[in-house]
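A.B. asks: I would like the atomic coordinates for the input below:
(chains A and B)
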Amino acid sequence: MKILFMGTPDFALSSLAALCDAGENVIGVVTQPDKPKGRGYEMKASPVKVYAKERGLAVYQPTTLRGEDFDSLLREIDPDMIIVVAYGKILPENVINYPRFGCINVHGSLLPKYRGAAPMQRAIIDGEKVTGITTMYMDVGLDTGDMIMKEEVEILPDDNFENIHDKLAACGASLLLKTVNAIRDGKAERERQDDTMATYAAKIEKNDCIIDFTKSAADVHNLIRGLSPIPLSFTHTPDGKMLKVWKSRISEEDSSADEGTVISLEGGITVKCGTGAVTLCGVLPEGKGRMKAEDFIRGRKIGLGDKFI
RNA sequence: CGCGGGGUAGAGCAGCUUGGUAGCUCGUCGGGCUCAUAACCCGGAGGUCAUGAGGUUCAAAUCCCAUCCCCGCAA
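C.D. replies: Reported below is the predicted structural model:
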């Protein structure tokens, strides 16, 4: 069975590597074009491309999937199945309908919940205890296709985006292999999504990263861990500088101070929230690298009674 | 040439504008106090102030020049 793989970031890489290691016939890899990234705008290839090159796989980086070019490429390589994992582009109908065994997608949530671009982050931010992986047959909608397999992954109280991402990437890879096998054997199930239960996990915008200390300590902590280590949530110190936070915990302490006020500097920066308080344990000052909160305090950048804004 | 911050003791920082004995909060080592301690007191070690036999100067961490490295933002 000839498989065309489409994906871009690390999350997709896990699945691609699993397919290759399992000896599946990956005849090509489609990934996003190299883009100028990072400091100095240097061109950077996607993780999937780097791996595919090492592995000697054919790499395609079309700017668009619509139109003659990709259409003829599709006919030329003639895949029996297309597997899409975090590719970053919407597939047009003609592509979805091309392969005999369909277009399979690996999605980082238990559909129909958290359809969309940032399911893992949103699940953590919402304080979910469980998330998971769903494999599905793609259709023209956004993560609305018929589901094939699911597997749950627990979200522990202190898991952050990085942990969950890694767990789900591994889970996604193994579930993908099972799914592919089931399809090949003609044993794959096909379950419609209940649209009335659907929720949408929108892409994380900068506004989503602002810490709102009027919320409960749990909400603040969930936001911080859901966005750590990237892109990181942030607040502002009294001098107006941005302070990102990469690690926190819910504090036992409390106070009647205003929300956002520093009420303790023992073992971190403890900040009063709408309900309860949160201790910031790891921060990243503007223009600096990440550091422990204790070190930030030693540098005398924050004092008791200061208020984050 | 996208924008910006920075390289001073093991960590985080100050000092640089207005050149002239290298400082703060910790850590560390030794001693003391204490039933005891991450607390407190006393004492010590530890720095080529990124690099350049560079420039200016009587004198450079500080001003000028060049290079290397680290980081944040934005995409």
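
A.B. asks: C-alpha from now on. contacts and neighbour counts both.
C.D. replies: Will do.

A.B. asks: ends of stretch A:98-115, what's the gap?
C.D. replies: Length of stretch A:98-115, first residue to last, Cα to Cα, to the nearest Å: 24 Å.

A.B. asks: what residues sit buried inside the helix or strand where A:G172 lies?
C.D. replies: Per DSSP states H and E, A:G172 falls inside helix A:161-184. Buried residues in helix A:161-184, counted by 16 or more other Cα atoms under 10 Å: A:161-165, A:167-177, A:179-180, A:183.

A.B. asks: which parts of chain A belong to which domain?
C.D. replies: A:2-197, A:206-298 (automatic domain parsing).

A.B. asks: so of those domains, which one's packed in deepest?
C.D. replies: Among those, ranked by average contacts under mean count of other Cα atoms under 10 Å, first place goes to domain A:206-298 (a mean of 20).

A.B. asks: surely A:I155 touches A:G132?
C.D. replies: No. Assessed by Cα atoms under 8 Å, A:I155 is found out of contact with A:G132, at 9.2 Å.

A.B. asks: other SSEs contacting the helix or strand bottoming out on mean pLDDT in chain A?
C.D. replies: For chain A, scoring each helix and strand by mean pLDDT, DSSP states H and E identifies strand A:42-44 as the least confident one, at a mean of 86. In terms of contacts (3 or more Cα pairs under 8 Å, 6 or more residues apart in numbering; DSSP states H and E), strand A:42-44 is packed against strand A:35-37.

A.B. asks: neighbouring strands - and their directions - for the strand it packs on?
C.D. replies: Paired neighbours of strand A:35-37 in the sheet (DSSP bridges): strand A:42-44 (antiparallel).

A.B. asks: show the subsequent helix or strand relative to the partner strand.
C.D. replies: Past strand A:42-44, the next helix or strand by DSSP H and E is helix A:47-54.

A.B. asks: now that following helix: mean pLDDT?
C.D. replies: Averaged across helix A:47-54, pLDDT comes to 95.

A.B. asks: list the helices and strands that helix packs on?
C.D. replies: Against helix A:47-54 (3+ Cα pairs under 8 Å, 6+ apart) you get helix A:10-21, strand A:59-60.

A.B. asks: related to what we said a few turns ago, which elements pack onto the helix or strand following the helix holding A:G172?
C.D. replies: Next helix or strand after helix A:161-184 toward the C-terminus (DSSP H and E): helix A:217-226. Contacting helix A:217-226 under the criterion 3+ Cα pairs under 8 Å, 6+ apart are the following elements: helix A:119-125, strand A:242-251, strand A:277-285.

A.B. asks: closest one to A:L142 among those?
C.D. replies: helix A:119-125 (12.5 Å; Cα to Cα).

A.B. asks: just the mean pLDDT for that closest one, thanks.
C.D. replies: 97.

A.B. asks: stretch A:121-136 spans what distance, first to last residue?
C.D. replies: 21 Å.

A.B. asks: contacting residues around it?
C.D. replies: A:104-111, A:114, A:120, A:145-157, A:160-161, A:168, A:171-172, A:175-176, A:179, A:201, A:218-219, A:222-227 (Cα atoms under 8 Å, 6 or more residues apart in numbering).

A.B. asks: A:G305 is nearest to which of the domains of chain A?
C.D. replies: So among these, domain A:206-298 is nearest, using Cα to Cα, at 5.0 Å.

A.B. asks: still on that earlier bit, just the CA trace of the helix holding A:G172, in PDB.
C.D. replies: Only the C-alpha atoms of helix A:161-184 are listed here, as PDB (Å, rounded to 0.1, in the frame of the first residue of the first chain):
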ATOM      1  CA  PHE A 161       1.800  21.300  27.100                       C
ATOM      2  CA  GLU A 162       5.200  19.700  26.600                       C
ATOM      3  CA  ASN A 163       4.300  16.600  28.500                       C
ATOM      4  CA  ILE A 164       1.000  16.200  26.900                       C
ATOM      5  CA  HIS A 165       2.400  16.900  23.500                       C
ATOM      6  CA  ASP A 166       4.900  14.200  23.900                       C
ATOM      7  CA  LYS A 167       2.500  11.700  25.300                       C
ATOM      8  CA  LEU A 168       0.000  12.400  22.600                       C
ATOM      9  CA  ALA A 169       2.600  12.300  19.900                       C
ATOM     10  CA  ALA A 170       3.600   8.800  21.000                       C
ATOM     11  CA  CYS A 171       0.000   7.700  21.400                       C
ATOM     12  CA  GLY A 172      -0.900   9.100  18.000                       C
ATOM     13  CA  ALA A 173       1.900   7.200  16.400                       C
ATOM     14  CA  SER A 174       0.900   3.900  17.800                       C
ATOM     15  CA  LEU A 175      -2.800   4.500  17.200                       C
ATOM     16  CA  LEU A 176      -2.000   5.400  13.600                       C
ATOM     17  CA  LEU A 177      -0.200   2.100  13.000                       C
ATOM     18  CA  LYS A 178      -3.200   0.200  14.400                       C
ATOM     19  CA  THR A 179      -5.600   2.300  12.300                       C
ATOM     20  CA  VAL A 180      -3.600   1.600   9.100                       C
ATOM     21  CA  ASN A 181      -3.500  -2.100   9.800                       C
ATOM     22  CA  ALA A 182      -7.200  -2.100  10.500                       C
ATOM     23  CA  ILE A 183      -8.000  -0.400   7.300                       C
ATOM     24  CA  ARG A 184      -5.700  -2.600   5.300                       C
END
